[in-house]
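Enquirer: Build the 3D model from these lines:
(2 chains)
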Amino acid sequence: MNFEEHAAKPLLEAAGIAVPKGRLVTSAEEASSAAAELGASVIKAQVPAGKRGKAGGIAMADTPDEAAKAADAILAMEIGGHAVERLLVEERIAIAREFYAAVLNDASAKSPVVLFSTLGGMDIEDAAAEDPRALKRCVVDIGEGFGQGEAERMLGGLDLGLGASGVAKTLVALYRLYRQRDAEMIEINPLALTEDGGLVALDCKFTLDDAAIPRQPDLAALGARERLSALEARGRELGLQYIELDGDVGVLANGAGLTMATMDAVRHFGGRPANFLEVGGQAYTLAKSALELALANPRVKSLVVNFCGAFARTDVMTEGVVTAWEELKPAIPVFFSIHGTGEEEAVALLRSRLGMEPFDLMDDAIKAAIEAAR
Amino acid sequence: MIVRAADRVLVQGITGTQGTFWSQQMIAYGTRIVGGVNPKKAGTEHLGLPVYASAAEAAKDRGFEVAVMFVPPMAARAAALDAIEAGAKLLVVLTEHIPVQDVIELIAAAAAAGTRVIGPNTAGLVTPGECFVGIMPAFNANLHRPGRIGVISRSGSLGALICLNLVRAGLGQSAYIGVGGDAILGTTTRDALEAFEDDAGTDGVMMVGEIGGTAEEDAAEYAAAMKKPVIGFIAGAVAPEGRRMGHAGAIVMGDKGTYRSKRAALERAGVRVLDAPTEAGAAFAAALDS
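Expert: Numbering: from 1, shown residues only, chains lettered A, B, ... in the order given. The predicted model follows:
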């Protein structure tokens, strides 16, 4: 779950990391009064997308009038596919240097990793390429944690000027926040060193581990809403994993791997998959809702149902699909391939209630579906 | 990580619906389940087996080598640490959606204690003709038959389909290792390749992967130096960027974890990558002949 900058910054503040004074506004008038309070300001689009600056979503304003004009312009924009509806108006900070700080999960290391670079204010990959020695990386032993000692050791060799002890403290606080809030990633870019040696987080990206949402309910309520199509949103409500693509051969399968492989096979044999939709795991009793969802896409001209039961019982899933088929009486043709736990019962169901014969090979079911969609 | 009929297995969460059904299947197939865990039913019997309050108690009373978890996400960390502290040699974590920091913690604890973790988010392990631990349909002879191909998979359903295709071609499995669909795993595809390279009962290895992460690239590095033939299949070629395709680990971020990168790495290492799961049988027939 991603968090917009204005929702992430209070988390930093609560963790003891300074952020600029700011107001969340939704209109030019509000931007103007915020700027009147704050003085010279920065107007920033609030969308869960990167590269806002490049897109023109960040502007400076010296007066309330300029703030209002900038707000008008930015509120009319769409950045990374998100319409800008909110702005953060912040006081401008006198910056001496810009650093980069982050804590994130590293799959290869199977550990949290703390990153710091003296090349802040730019993409971290570009920074790493530009000057590898300016980037420090510490793989954390989660049992030992990351304290002042680890932080100072990590930063050794870097010339941080007035910021030396402050940066170590900031990294320790950032790691503690990562742990307390089940973050997948927290990134401060730039972490500004002010002229008097203070450290201020000028931007913050925070991603909450979706699996931890049940134990972080207050935090989860503040997250950015994911951009989903109408059908995808419906899928979420139904407890189904549904992702819309632009093809015309619908796919319904059990298990993420099998579903992906079925979509791949549709393209491999010359068709265009319409969606990802899987009913494995806990969702295998939801085959009826799944079928309705797959068919609700008007672009779908044929459907492939591919069940290979490992954990999921193919007869239960098939019963769901068959029941839905009898109720919905869809006009489009469906092509089945069924193997695994409960397959005899599943095949019998298909024959007796739909008068259909499943294809033995998934390839043949897919080829038939592609042909039918033409 | 290849389970054997002699391995004593403890089922954490044995009294639940899934725990009960799959324990019955495992026992019928030949798995040596010695007991289960449910603190609320400690001291009772279930399926004719003792139910303990904890893995620690089970270790004291009876002893076990393998623990398998039928435990919900928020209770998984505690159950895993219990099994690890009780001395489990192998811990099979079936659970999906465990908070990632909990997973990191349990993997670190396991590493320190010498416990091998399989998963999380795995359908488990199968040694056809001997035993299985988890929720793969080992008893379905269309899918699992004894043989000499080692199968490694990040997906249970796709792994099952691949096994089906191998059996159709007359090729059984020496073992099936479900490494799991999460981003951070106790045992990687590369680890499993090593196990099969060292296994006298395995002649060739089928690795079933998917987009996201670096499992296939890391595996390719090891595969390049292997003596036994390796064939691969990677799911998710059509996955759109930035979307999680069901599995937590199946996400392409920018140019990281792409199908192209994985296929290229494997092919450079001499691994043949199939275009479709149905090619598996013929591909191995060719590879084993040469």
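
Enquirer: For the chain, just list every one of the helices.
Expert: The chain I'm using is chain A. Ranges of helices within chain A are A:5-14, A:28-38, A:64-75, A:124-130, A:148-155, A:164-180, A:217-220, A:230-238, A:256-268, A:287-295, A:314-328, A:343-349, A:362-373, based on DSSP state H.

Enquirer: other chain: chain B
Expert: Going by DSSP H, chain B shows helices at B:17-29, B:55-61, B:73-85, B:100-113, B:156-168, B:189-197, B:215-223, B:259-268, B:280-289.

Enquirer: Report the backbone C-alpha coordinates of the fifth one in CSV.
Expert: The C-alpha trace of helix B:156-168 is given here as CSV (Å, rounded to 0.1, in the frame of the first residue of the first chain):
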residue,chain,number,x,y,z
GLY,B,156,1.7,-25.1,-6.9
SER,B,157,-0.9,-25.2,-9.7
LEU,B,158,1.5,-24.6,-12.5
GLY,B,159,3.9,-27.1,-10.9
ALA,B,160,1.1,-29.7,-10.9
LEU,B,161,0.5,-29.0,-14.6
ILE,B,162,4.1,-29.5,-15.4
CYS,B,163,4.2,-32.7,-13.4
LEU,B,164,1.1,-33.9,-15.4
ASN,B,165,2.9,-33.2,-18.6
LEU,B,166,6.0,-35.1,-17.5
VAL,B,167,4.0,-38.1,-16.4
ARG,B,168,2.2,-38.1,-19.7
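
Enquirer: Can you pull up the residues of the stretch 51-200 of chain B that come close to chain A?
Expert: Contact residues, the stretch 51-200 of chain B versus chain A (C-beta under 8 Å from any C-beta of the partner chain): B:73-74, B:96-101, B:104-105, B:107-109, B:112, B:123, B:135-137, B:140, B:142-143, B:153-161, B:164, B:181, B:183-185. Glycine gets a C-beta too; all of them are placed from N, C-alpha and C.

Enquirer: residues in contact with the residue positioned nearest the centre of chain B?
Expert: By C-alpha atoms, centre = their mean, chain B has its centre lying nearest to B:Gly178, at 2.2 Å. Neighbour list for B:Gly178: B:Ile118, B:Gly119, B:Thr122, B:Ala123, B:Gly124, B:Leu125, B:Gly134, B:Met136, B:Ser153, B:Arg154, B:Gly156, B:Gly159 [criterion: C-beta atoms under 8 Å, 6 or more residues apart in numbering or on different chains].

Enquirer: if you skip the residues just before and after it, what's nearest to it?
Expert: Leaving aside its chain neighbours, B:Gly178 sits nearest to B:Thr122 (4.2 Å; criterion: C-beta to C-beta, 6 or more residues apart in numbering or on different chains).

Enquirer: just checking, that neighbour touches B:Leu91?
Expert: No - contact criterion C-beta atoms under 8 Å: B:Thr122 and B:Leu91 do not qualify, at 10.9 Å.

Enquirer: So these two - more neighbours on which side?
Expert: More crowded of B:Thr122 and B:Leu91, by other C-beta atoms under 10 Å in any protein chain shown: B:Thr122, with 32 against 27.

Enquirer: tell me the pLDDT at the more buried one?
Expert: On pLDDT, B:Thr122 comes in at 97.

Enquirer: now A:Ala109: how far from chain B?
Expert: 9 Å (C-beta to the nearest C-beta, to the nearest Å).
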